[in-house]
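S.K.: Below is the sequence, then the predicted model.
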Amino acid sequence: MSLYVGVDGGRDTLAVALFRKGRDASPQRLGSFPNRPEQFDLLLRQVQQRAGGEEVIWVVEPCGGYERPLMYWLYEHGQCILYPNPRQVRQWQRGQGRRAKTDPLDSEMLARYGAEHHQDLHPWKPWPEPAYHLLRLAERLQELEAERQRERNRLEAYRSQGVSPDAPEVRDLEEHLQFLDRLIRRTKKHIGNLYREFPHLDDLRRRLLSVPGVGAKTVHVLVALVVRWAQLGRRDAKGLVAYLGLDPRIHQSGVRRPRGHISKQGDTRWRSLLVAAARGGLRGAKSPLARFYRRLRERGKSHMVALVAAARKIVVWAWAVYCSGESFDPQRHVARA
């Protein structure tokens, strides 16, 4: 018998509930605890007293990153932690007929969800620090470049309207663009320093750049993701595709033809980046990715379906490159495709 501990909350407090499958008719609220590291020991002691020697499994839902200190603390103290996808929990919660949403109610639902779906969830582990640092820098770089493009568009709009170059709004935009340029150069320098500090990441980066569609804007995130997937102990490309939410989800009703969608689990930014990489990889008639895309189009697939399939193919090829320890080989990988 296991005791499932549902935890939900925010910056200041954590709502905690307990549930034993097969014994408790409903979850029991343990209470609200301060979300401060010095209080985590008190929370763990109270849970262990209620467990009475039973296995304790923590089910923690993402709450804006405020849950991370508790998760790292629990992991360091040898606790088993489940970190379910919040979208799946919400769908399951609606299926249970629950409409209200509060932190205490969510903690109860998390405890029950963990008890019913623990076989489908893998214990959480912290990201490998070099890969997580690289991911943070890569996402920061994307945010800065996107903001710079927006500011450039605003400046171009002012110029096309004939606004004077000495106007305060134009001068502010120019100064902001210069500031963003400095931040972008600094972030790229940090990324370069990280690769020099960890040569195995740099070697993986070089090999992933040989994959069709993978470029300078994609490779840093892809390096972090494949390292994370390997660290979780998973060795299958299909699982990585599902982890990114690019796996197909068939929807069929009655005699209607089945329609394919993707699950869209995981981070939206990663999927958007991979789809953009696939769009760029279609350039060039001899590109293996372009040939793969054309074959799907010839079979009657729509542009978007074929494009998402190309993004999925990039992930599969990237994982094969990681596992093989070699650069992308068009002859071998295209033959398999």
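M.R.: Sure thing, it's come through.
S.K.: Only C-alpha atoms from now on, for both contacts and neighbour counts.
M.R.: Noted.
S.K.: any idea how far the longest helix anywhere in the chain is from the chain center?
M.R.: Taking DSSP state H as the assignment, the helix of the chain that covers the most residues is helix 129-160. What separates the centre of helix 129-160 from the centre of its chain is 19 Å, taken as C-alpha atoms, centre = their mean, to the nearest Å.
S.K.: Could you identify the helix or strand that succeeds that helix?
M.R.: Taking DSSP states H and E as the definition, the helix or strand that follows helix 129-160 towards the C-terminus is helix 168-197.
S.K.: Quick one: work out the angle between the longest helix of the chain and helix 168-197.
M.R.: Helix 129-160 and helix 168-197 meet at an angle of 160 degrees, taking axes from the mean of the first three to the mean of the last three C-alpha atoms, to 10 degrees as the criterion.
S.K.: Mind listing what's buried along helix 129-160?
M.R.: If you call a residue buried by 16 or more other C-alpha atoms under 10 Å, then helix 129-160 has these buried ones: 130-132, 134-139, 141-142, 144-145, 148, 151-152, 155, 158.
S.K.: do stretch 320-329 as well
M.R.: Using 16+ other C-alpha under 10 Å as the burial criterion, the residues of stretch 320-329 that qualify are 320, 321, 322, 327, 328.
S.K.: OK, contacts around the second one?
M.R.: Okay, so that is residue 321. Each residue near residue 321 by C-alpha atoms under 8 Å, 6 or more residues apart in numbering is listed here: 207, 208, 327, 328.
S.K.: Next, report how far the helix or strand hosting it is displaced from the centre of its chain.
M.R.: Secondary structure assigned from DSSP H and E places residue 321 in helix 303-324. If you compare the mean C-alpha spot of helix 303-324 with that of the full chain, they lie 16 Å apart, counting by C-alpha atoms, centre = their mean.
S.K.: Pull that helix out as PDB, backbone CA atoms only.
M.R.: Presented in PDB, the C-alpha positions along helix 303-324 are these (Å, rounded to 0.1, in the frame of the first residue of the first chain):
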ATOM      1  CA  HIS A 303       0.800  21.100 -45.900                       C
ATOM      2  CA  MET A 304       0.500  21.400 -42.200                       C
ATOM      3  CA  VAL A 305       0.200  17.700 -41.600                       C
ATOM      4  CA  ALA A 306       3.300  17.000 -43.700                       C
ATOM      5  CA  LEU A 307       5.200  19.900 -42.000                       C
ATOM      6  CA  VAL A 308       4.500  18.500 -38.500                       C
ATOM      7  CA  ALA A 309       5.500  15.100 -39.700                       C
ATOM      8  CA  ALA A 310       8.800  16.700 -40.900                       C
ATOM      9  CA  ALA A 311       9.300  18.200 -37.400                       C
ATOM     10  CA  ARG A 312       8.700  14.800 -35.900                       C
ATOM     11  CA  LYS A 313      11.300  13.300 -38.300                       C
ATOM     12  CA  ILE A 314      13.900  15.900 -37.200                       C
ATOM     13  CA  VAL A 315      13.400  14.600 -33.600                       C
ATOM     14  CA  VAL A 316      13.700  11.000 -34.600                       C
ATOM     15  CA  TRP A 317      16.900  11.700 -36.600                       C
ATOM     16  CA  ALA A 318      18.300  13.800 -33.700                       C
ATOM     17  CA  TRP A 319      17.800  10.900 -31.300                       C
ATOM     18  CA  ALA A 320      19.400   8.500 -33.700                       C
ATOM     19  CA  VAL A 321      22.400  10.800 -34.000                       C
ATOM     20  CA  TYR A 322      22.700  11.000 -30.200                       C
ATOM     21  CA  CYS A 323      22.500   7.200 -29.700                       C
ATOM     22  CA  SER A 324      24.900   6.400 -32.600                       C
END
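S.K.: looking only at pLDDT, what's the mean for that helix?
M.R.: In this model, helix 303-324 has a mean pLDDT of 93.
S.K.: rewinding a little: which one among the buried residues of stretch 320-329 gets closest to residue 12?
M.R.: Relative to residue 12, the closest of the buried residues of stretch 320-329 is residue 322; by C-alpha to C-alpha it sits at 40.8 Å.
S.K.: Distance-wise, check the closest one relative to residue 270.
M.R.: Taking C-alpha to C-alpha, to the nearest Å as the criterion, residue 322 is separated from residue 270 by 18 Å.
S.K.: now do residue 187
M.R.: The value you get for residue 187 to residue 270, if C-alpha to C-alpha is used, is 19 Å.
S.K.: Residue 182 too?
M.R.: If you go by C-alpha to C-alpha, the gap between residue 182 and residue 270 works out to 25 Å.
S.K.: Among these two, which residue is more densely surrounded?
M.R.: residue 270 (17 against 12; other C-alpha atoms under 10 Å).
S.K.: show me what contacts that one?
M.R.: Residue 270 sits next to 221, 244 when contact means C-alpha under 8 Å, 6+ apart.
S.K.: That one - that's part of a helix, no?
M.R.: Yes. Counting by DSSP: H, G, I helix; E, B strand; the rest coil, residue 270 is located in a helix.
S.K.: What distance do you get for it to residue 65?
M.R.: Shown here: residue 270 relative to residue 65, a distance of 18 Å by C-alpha to C-alpha.
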